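Peer 1: Build me a structure from this.
(4 chains)
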4 protein chains.
Amino acid sequence: MGKTRLEAFFDGVAAIIITIMVLEMKVPHGVAFSALQPLLPVLLSYLLSFIYVGIYWNNHHHMLHTCKEVNGVILWANLHLLFWLSLIPFTTGWMGENQFAAAPAAAYGFVLLMAALAYAILQRSIIASQGEDSVLKRAVGADWKGRASPLLYLTGIVLSFYSQWLAMAVYILVALMWLLPDRRIERMFERRKG
Amino acid sequence: MGKTRLEAFFDGVAAIIITIMVLEMKVPHGVAFSALQPLLPVLLSYLLSFIYVGIYWNNHHHMLHTCKEVNGVILWANLHLLFWLSLIPFTTGWMGENQFAAAPAAAYGFVLLMAALAYAILQRSIIASQGEDSVLKRAVGADWKGRASPLLYLTGIVLSFYSQWLAMAVYILVALMWLLPDRRIERMFERRKG
Amino acid sequence: MGKTRLEAFFDGVAAIIITIMVLEMKVPHGVAFSALQPLLPVLLSYLLSFIYVGIYWNNHHHMLHTCKEVNGVILWANLHLLFWLSLIPFTTGWMGENQFAAAPAAAYGFVLLMAALAYAILQRSIIASQGEDSVLKRAVGADWKGRASPLLYLTGIVLSFYSQWLAMAVYILVALMWLLPDRRIERMFERRKG
Amino acid sequence: MGKTRLEAFFDGVAAIIITIMVLEMKVPHGVAFSALQPLLPVLLSYLLSFIYVGIYWNNHHHMLHTCKEVNGVILWANLHLLFWLSLIPFTTGWMGENQFAAAPAAAYGFVLLMAALAYAILQRSIIASQGEDSVLKRAVGADWKGRASPLLYLTGIVLSFYSQWLAMAVYILVALMWLLPDRRIERMFERRKG
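Peer 2: Sure thing, here's the model as predicted:
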């Protein structure tokens, strides 16, 4: 089975997720710049989530690049990832509209945690489908980023009950960690050519 | 006529359907976890519908895989299926916001029933276009899942007036029945290679 | 310049238009079937507009099929068509929520009229780009459907001030007239092969 | 890394942006044509933004045409551009609902300015990836349109505090300036063939 439609479906859902979040930013009624001020936390949480969805799209792009065929397990692992990503606009809106209060910040981290686990499952199901000589397995290597992220999200969730700012700091840290595009797979392909 | 645009259009609409359902989950005003509690039925109906749209996307993927050319009848059978799928967010929202009350649960089953019939029509129109030696026809075989689903939806609709929980149980059962990806077509292709 | 992205963009916008219309059908507050009754006109106008967008998507599909290269004029003629199509959810909602009142019914016809003219412009710009031996020109032939539609929409707009039901009858008539997929181009290709 | 998914993602987000703007045009409650009058500024700002997104889509189409491979920097420069474009529906709605008041008109210009800078960064990152003999670099040439636009947006932002109509005139001027499709790259390819 080809992977084109799986990629297209992922891209479609990611494009919608990344765009509907901005609908949470309701047009203010005032006409002065001050009317924008209460929207600042909404805009900031939108920015963070935009970066997260961008990271997922980027990494998905790289991961599928190693993949020629997909099977039923991969299709459903992909849908499972999309389910958790589709909840990001909800937690983003809840967090943004409540100035990063404790419970919304924890819920935000929970959805990120579940998306990270779903991504790991998708990665594993692709590796399994590629057999012994999996290109993706070698590309991913020790995968310390992939292993550290869930632990960091968990830390963020716990921290949110003490200080939501610490929680946010952790979420931003994880985003920065991933922001550099995943060079591992690119390098792999270059090494092969060389 | 090529099938690429038909697939792309189906994927686009399915991606939007699967994502706008989550817009029904309005961001709560409270900042405590308890504010999420009234959203639980909405989340659960979203989850069920997400799985249903995922199943349709998966099966559509497999079905179109057997298909090289499409004609006008197939284009409209495809649009007809999309029409009923596009009503799923509406019935999902109505059911979720009313704690699975009788009428919304029946309406939910009715839209699922119509989508199942529309899928059967699409399947038939593709088989007709493939002529005597239809790959899809052999792949589908006795199609007991396809035949049982409408009857089960009907049962669910009737049951919803006695106990909406029984109705829900039926809808969940049908989803589970389909959840295993449709191996028939995959197997077919493998057998051919072998 | 290739036509792939033009097709993909058209499909994307058409998919969104066809799906967001259903968002106008607000989830009712009641839990009885009677709560659906006031939504009936909304559902019916949605159905009509769904068919119209489906027709445009179908005909666009056929038209672009004759086309190998696109130029800047075609890109903008395509965007112009999308602009008018994007207003359909608005007029559909206005008409549906006001039980097909005179002004909304006229506005609905006006947007259909402008979309029809935009389609004619797009068709002309493709024919012009294909030069003397235009495949599309021969396929379209006398184009009586394309010529009759704007006149019928105009009739519908005028009629809406006397009886909105007559106006609706005209709009439905035009939809039915187009509903049979545009066989002309399909036939053309078959004749060529033969 | 191929460019197909980058194009598809851009197209998906652009299609959604261009379509959700129209959702800001809330269906009016009145049934007379006069009910449309307060929507006129909303419609006009929608039209302007539709043209702007169309221009970006067109130019992006041309720019990526010169590009065979994309890297991580280009992926993120593309997402950065999409971030600013995704804010256009918000500023469009704010401006349209407040009859082009000063602050919304300035905010509208600010988002256009940031999008223009993001486009310039994307263009630069593609040129950098193409090395010495960059096709895009020669195609863009002196790029006076690209250089003038940010200055004109800045002028518009400043003018909006004196007269929002002058600001609007500047924004319309820039749109008209770009409206003619970017012939430079088309010409380039033709010259090469010749």
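
Peer 1: if I read this right, A:Q130 contacts A:R138, doesn't it?
Peer 2: No - using CB atoms under 8 Å, A:Q130 is not in contact with A:R138; the gap is 9.9 Å. Heads up, the C-betas are built off the backbone N, CA and C, glycines and all.

Peer 1: ok, A:Q123 - contacts?
Peer 2: A:63, A:136, A:140, A:146 (CB atoms under 8 Å, 6 or more residues apart in numbering or on different chains).

Peer 1: where's it relative to chain B, distance?
Peer 2: Between A:Q123 and chain B the distance is 19 Å, computed by CB to the nearest CB, to the nearest Å.

Peer 1: tell me which element that residue falls in.
Peer 2: helix A:102-130 (DSSP states H and E).

Peer 1: at contact distance from chain D, anything in whichever helix or strand comes after that helix?
Peer 2: Downstream of helix A:102-130, the first helix or strand assigned by DSSP H and E is helix A:135-140. No - judged by CB under 8 Å from any CB of the partner chain, helix A:135-140 makes no contact with chain D; its nearest approach is 13.0 Å.

Peer 1: Helix A:135-140 packs against which elements?
Peer 2: helix A:102-130, helix A:183-193 (3 or more CB pairs under 8 Å, 6 or more residues apart in numbering or on different chains; DSSP states H and E).

Peer 1: ok now the helix or strand following it, how far from the chain's centre?
Peer 2: Next along the chain after helix A:135-140, taking DSSP H and E as the criterion, comes helix A:144-159. Averaging C-alpha positions (CA atoms, centre = their mean, to the nearest Å) puts helix A:144-159 13 Å from its chain's average.

Peer 1: which ones are touching A:Y153?
Peer 2: A:109-110, A:112-113, A:116, A:170-171, A:174.

Peer 1: what stretches of chain A score poorly on pLDDT?
Peer 2: Applying pLDDT under 70 to chain A flags residues A:1, A:180-194.

Peer 1: Show me which residues of it are close to chain B?
Peer 2: Counting by CB under 8 Å from any CB, chain A sits next to chain B at A:1, A:5, A:8-9, A:12-13, A:15-17, A:20, A:23-24, A:71-73, A:75-76, A:79, A:82-83, A:86-87, A:89-90, A:93-94, A:97-98, A:101-104, A:106-107.

Peer 1: What remains of the contacts of A:Y153 if I keep only buried residues?
Peer 2: Neighbour counting with 16 or more other CB atoms under 10 Å in any protein chain shown marks A:109-110, A:112-113, A:116, A:170-171, A:174 as buried within those.

Peer 1: restrict the residues of chain A next to chain B to contacts with chain D.
Peer 2: Within these, those near chain D by CB under 8 Å from any CB are A:8, A:12, A:15-16, A:20, A:23.

Peer 1: what does chain A have sitting close to chain D?
Peer 2: Residues of chain A that fall close to chain D, judged by CB under 8 Å from any CB: A:7-8, A:11-12, A:14-16, A:18-20, A:22-23, A:25, A:27-28, A:31-33, A:35-36, A:47, A:50, A:54, A:57-58, A:61-62, A:65, A:179-183, A:186.

Peer 1: same thing but at 6 Å, please
Peer 2: Neighbours of chain D within chain A, by CB under 6 Å from any CB of the partner chain: A:11-12, A:15, A:19, A:22, A:25, A:27, A:31-33, A:50, A:54, A:58, A:61, A:181.

Peer 1: re earlier: will you turn the contacts of A:Q123 into a markdown table that also has neighbour count?
Peer 2: As requested, the contacts of A:Q123 are exported to a markdown table (neighbours: other CB atoms under 10 Å in any protein chain shown):
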| residue | neighbour count |
| --- | --- |
| A:M63 | 19 |
| A:L136 | 22 |
| A:V140 | 22 |
| A:G146 | 17 |
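
Peer 1: Which two of these have the greatest separation?
Peer 2: Longest distance between any two of the contacts of A:Q123 is 11.7 Å, between A:L136 and A:G146; criterion CB to CB.
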